[in-house]
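Peer 1: next input, structure requested:
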Amino acid sequence: MDQSVAIQETLGKEENCIVAVQCDILLDDCSESRLLGLVECAKEHAIFIYTHRRMAITADDVSLEDIIPITLDFAVVEVSSPEQLVVVGADTRVRMSYKNEELELRLPFGSHSRLFLCEVNKAWSDVCRLPTQIPKFEWIKKYKKSIKRQEAMKQAIAPLEVLPTKNNQHQKIEKVSDKKGSLEKVKSSNSISQKSKGNSSQDNQSISSREERDDLVRSSSHTASNKAQILAMPQFGLRDNLIRCELLKSEDSYTYLENFRFFLGTYNVNGQTPKESLRPWLSCTPEPPDIYCLGFQELDLSKEAFFFSDTPKELEWMKAVFEALHEEANYALVKLIRLVGIMLIFYVKKEHAEFISDVEAETVGTGIMGRMGNKGAVAIRFRFHNSDICVVNSHLAAHVEEYDRRNQDFKDICSRLQFRQLDPTHPPLTILKHNVVLWIGDLNYRLSDLDIDGVKDLIAKNDFETLHSYDQLKRQIDVQAVFVGFEEGEIDFQPTYKYDTGSDKWDTSEKCRIPAWCDRILWKGKNIQQEHYKSHMDVRTSDHKPVSSLLVIGIKRVNPEAYKKTFEEIVRNIDKMENECIPSLSLSKREFHFKDVKFMQHHAETLNLFNDGQVPCQFEFIQKPNESTYSKPWLTANPPKGFIAQGASMDVDLEVFVNRSMAPDLNCGKQEIEDILVLHLERGKDYFISVTGNYLPSCYGTSIYSLCHMKEPIQDMPKETLLELAEKSPNDDTATDEKPLDIPKELWMMVDHLFRNAVNQEDIFQQPGLRTEFAEIRDCLDSGMPDSLPGSNHSVAEALLLFLDALPEPVIPFSFYQQCLECSSSAGQCEKIISMLPQFHKNVFNYLAAFLRELLKNSANNRLEVAILATIFASLLLRSTKKQDLAEKRKTQEFFQHFLTQHSS
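Peer 2: A predicted model of the protein is given here:
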């Protein structure tokens, strides 16, 4: 839950809550929960401190208690004790000071705390750059007046009762305490607590200047887990990485394996509400599991859920799950994440909660255009003791013949789903960069080359081994097309799909689906043993059966004494060698050329870095003077920074990818594939790397006006002509030698193909195509006009959507956007606006609307509805230059719906 939303509701129109974090204020004999918000107004920043009744969702849940302006008198440092520093995953204790007053806080371990501290540091750095410009903070005076003095603050606050855990970032199934508390701390005139006593000598120092703050920051201890300490100050990077690298090498000396029981479950609920107990599924083991990871698919099949709105079924299924957990143990909810109908719930035994840290959750949609969330994945990564674990719940593409699409979905999920690291200077973590990966879900792989009678005959004989040989997932794994390195237990249960809802009978509907093992559980990692893998026939709510797997996983636990000894020895060795040598690298190449770069086609070359110096080194690609990023937007270095041990090497992928925002200037020649990368060594020199290439112009990212004036393929057009057309206005009606086309020929080719081949295509514009087929379609459109386009109907449909999405000026130009919103409820006014569009844009709009109305005439076969088409196409035809809010999105859909009805002109 983003609690900055609750804070934002308490602020004025010109004020913005950049980031919020929940923390504990540390008093003499207790701690109390608070919500901190970094608030910006007129380029001034202040930290707002709120009391709160519960998880802050709205302004009613919070009450402003104090404000700390960020000025030259402000400082924040970490004050964790030496004992805390050697605990992997400990919370972060910081002291905020303002003038002579101080406040000690405990922030939960996790990247969100790190992000908060980084943003605070940025704000403080901005003040330091202009020390002569003293902030006035006129805007906070109205809040200061409304804050009650400490003496009058007798109103009750209810601190959250939390589990005894070092990581309070995760959620818990805990009731809010009825116990009342009050702030029992000595306050100054600004209501900031006076400094409390600490154990270390640093704690007893007064930090009243930036110089003293910097000294304390530089002298602060470091921890292997690199937790949210000291605001990402650059002095820490190299030393932290040295320690982390050495600790990783020595991990066996301070860790040991302990087995824990992980219950994994997956259930496609087909949009149903819970109608029966889930105990036969979730409490099927004699002993209570240590951890539950439960994935659901098709939680809600309503159009509202498809369009990314909330669903009441989340709470219904969450309640059903909680009531069905093993009754011989108490469990805490660590995390729940959902993308449309794909939901993942993570529970842990309460006694293990304190050993869960680094909890992050992410989603990725693989539906149409790679955005829609009706297909895709949700994932949670966390650290349990000293093992990094990632759990993925995915719902892949449907239909028997679409196994290539499922393979692509898997690869997309692996590459696109990334977790922000605790240290924001480090590159994101991908799924496969974990000690253990647990993958559950409706993977939708079917049985091939066997008819329904043959399948049912093998099921009746319980000959699952023979039946499994026809399984698409097994075949794709055998040829290493997907899930390379993963394992799956032996399948000795009958297929889990498809049944008549409420029964154990195979599908008797008109489609009569062939049974299949759609619902699967796989894993990757060492020290993993499976105790069971089975379906649960007694649960009949859905047309799928739930599946479970009980895995016993060897988790790395830390021996604190051995860890402390190793840590101290590493620090001593680093102190000896840190200043002895200058780091050095040798580069495999310093010039890279990318040939024939194309729109939305990934290109990569590898730069090898070898540490030929005498010491470990840390590198980073840095910004050039007067540039905001280290590279042009089409170029990425992966990773952009890193650490290389002495004598070791690292590969850096230089990746070129042109998307819709970059394509327009590259198409017409305003920009070229040309850049210089600056590779900087910490405490060393800079290296310069040249990147060049040639870009092949594309109709994708070219304006409607330009395309209507091209009768030849765009790649046959002279560069001078492309630049001349790009600089003309859509309303330019200057006479030309040849009559321009009414609509772009490329658009006509795609629409005509769909009109002739896809009006009855099931799920058209709802199911994605294949990336390889899109590339073929793009090349045909850009280099010549064949008699027919290659690829499936779904690939052509997605290519059309991508074409509209890439237009530098949408079909309804930006200048008409506000008018469209204002008249969205009136069909007549909407038609009047369309009549005012530039001629080529008006032609395109009317052509597309007529085609979509034809599709709707065949909705019985293609399953399209007005609401679906309005949602998909309104976001492409009627775009804003700024991010749209929900109200604007609804108005754009309402606007376009007028043109999809049969009676529209």
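Peer 1: so K670 touches A726, yeah?
Peer 2: Yes: contact criterion Cβ atoms under 8 Å: K670 and A726 qualify, at 7.3 Å. C-betas here are computed from N, CA, C, even on glycine.
Peer 1: can you pull out the low-pLDDT segments for the stretch 401-550 of the chain?
Peer 2: Where the stretch 401-550 of the chain drops to pLDDT under 70, the residues are 422-425.
Peer 1: quick one: the helices in the stretch 601-750 of the chain, in order.
Peer 2: 663-668, 704-708, 719-726, 745-757 (DSSP state H, counting those that start in this stretch).
Peer 1: let's have these in TSV, adding mean pLDDT.
Peer 2: Below are these laid out as TSV (pLDDT from 0 to 100):
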stretch	mean pLDDT
helix 663-668	96
helix 704-708	95
helix 719-726	92
helix 745-757	95
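Peer 1: include distance to E9 when you put those helices into TSV, please.
Peer 2: Shown next, in TSV, are the helices of the stretch 601-750 of the chain (distance: least, Cβ to Cβ, whole Å):
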stretch	distance to E9
helix 663-668	38
helix 704-708	41
helix 719-726	44
helix 745-757	44
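Peer 1: need those in TSV with distance to M650 and mean neighbour count, can you?
Peer 2: Supplementary listing: the helices of the stretch 601-750 of the chain in TSV, determined by distance: least, Cβ to Cβ, whole Å; neighbours: other Cβ atoms under 10 Å:
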stretch	distance to M650	mean neighbour count
helix 663-668	30	22
helix 704-708	43	23
helix 719-726	39	15
helix 745-757	42	18
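Peer 1: looking at the ones you listed, which is closest to A867?
Peer 2: Between A867 and the helices of the stretch 601-750 of the chain, the tightest spacing by Cβ to Cβ is seen for helix 745-757, at 20.0 Å.
Peer 1: chain center to the closest one, what's the gap?
Peer 2: Computed by Cα atoms, centre = their mean, to the nearest Å, the chain-centroid distance of helix 745-757 equals 35 Å.
Peer 1: for it, packing partners?
Peer 2: In terms of contacts (3 or more Cβ pairs under 8 Å, 6 or more residues apart in numbering; DSSP states H and E), helix 745-757 is packed against helix 704-708, helix 771-783, helix 793-806, helix 839-857.
Peer 1: need the residues touching each of K670 and A726.
Peer 2: Contact criterion Cβ atoms under 8 Å, 6 or more residues apart in numbering; residues shared by K670 and A726: P664.
Peer 1: could you chop the protein up by domain?
Peer 2: 3-149, 252-558, 585-695, 745-901 (the TED database).
Peer 1: reformat those domains as TSV; add distance to L707.
Peer 2: Converted to TSV, the domains of the chain look like this (distance: least, Cβ to Cβ, whole Å):
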stretch	distance to L707
domain 3-149	40
domain 252-558	20
domain 585-695	10
domain 745-901	6
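Peer 1: closest one to I714 among those?
Peer 2: I714 lies closest, by Cβ to Cβ, to one member of the domains of the chain: domain 745-901, at 5.5 Å.
Peer 1: what's the span of the closest one from first residue to last?
Peer 2: Using Cα to Cα, to the nearest Å, one end of domain 745-901 lies 26 Å from the other.
Peer 1: measure how far that domain is from the centre of its chain, please.
Peer 2: Worked out by Cα atoms, centre = their mean, domain 745-901 lies 27 Å from the chain centre.
Peer 1: what is the burial count for Q715?
Peer 2: The local packing of Q715 (other Cβ atoms under 10 Å) involves 14 other residues.
Peer 1: quick one: it and C699 touch, right?
Peer 2: No: look at Q715 against C699 with Cβ under 8 Å: they stay out of range, at 9.4 Å.
Peer 1: any idea which of the helices and strands packed on helix 745-757 gets closest to D358?
Peer 2: Here helix 771-783 is closest among these (Cβ to Cβ), at 32.3 Å.
Peer 1: touching that closest one from outside, list them.
Peer 2: So helix 771-783 is in contact with 408, 598-601, 696-700, 713-716, 746, 749-750, 786, 789-792, 795-796, 798-799, 802, going by Cβ under 8 Å, 6+ apart.
Peer 1: show me how to select, in ChimeraX, the buried members of these.
Peer 2: Only the buried entries of the contacts of helix 771-783 go into this ChimeraX selection, using 16 or more other Cβ atoms under 10 Å:
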select :408,598,599,600,601,696,697,698,699,700,713,714,746,749,750,789,790,791,792,795,796,798,799,802
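Peer 1: ok, now which ones touch A648?
Peer 2: F610, N611.
Peer 1: do the same with N862
Peer 2: Counted by Cβ under 8 Å, 6+ apart, N862 has contacts A758, V759, N760, Q761, E762, D763, I764, L855.
Peer 1: 10 Å instead, please
Peer 2: With contact taken as Cβ atoms under 10 Å, 6 or more residues apart in numbering, N862 is in contact with A758, V759, N760, Q761, E762, D763, I764, F765, Q766, N793, L855, L856.
Peer 1: separation between K832 and H898?
Peer 2: The gap separating K832 from H898 is 11 Å, by Cβ to Cβ, to the nearest Å.
Peer 1: tell me which of these two has more neighbours.
Peer 2: Counted by other Cβ under 10 Å, K832 and H898 do not tie: H898 has more neighbours, with 22 against 12.
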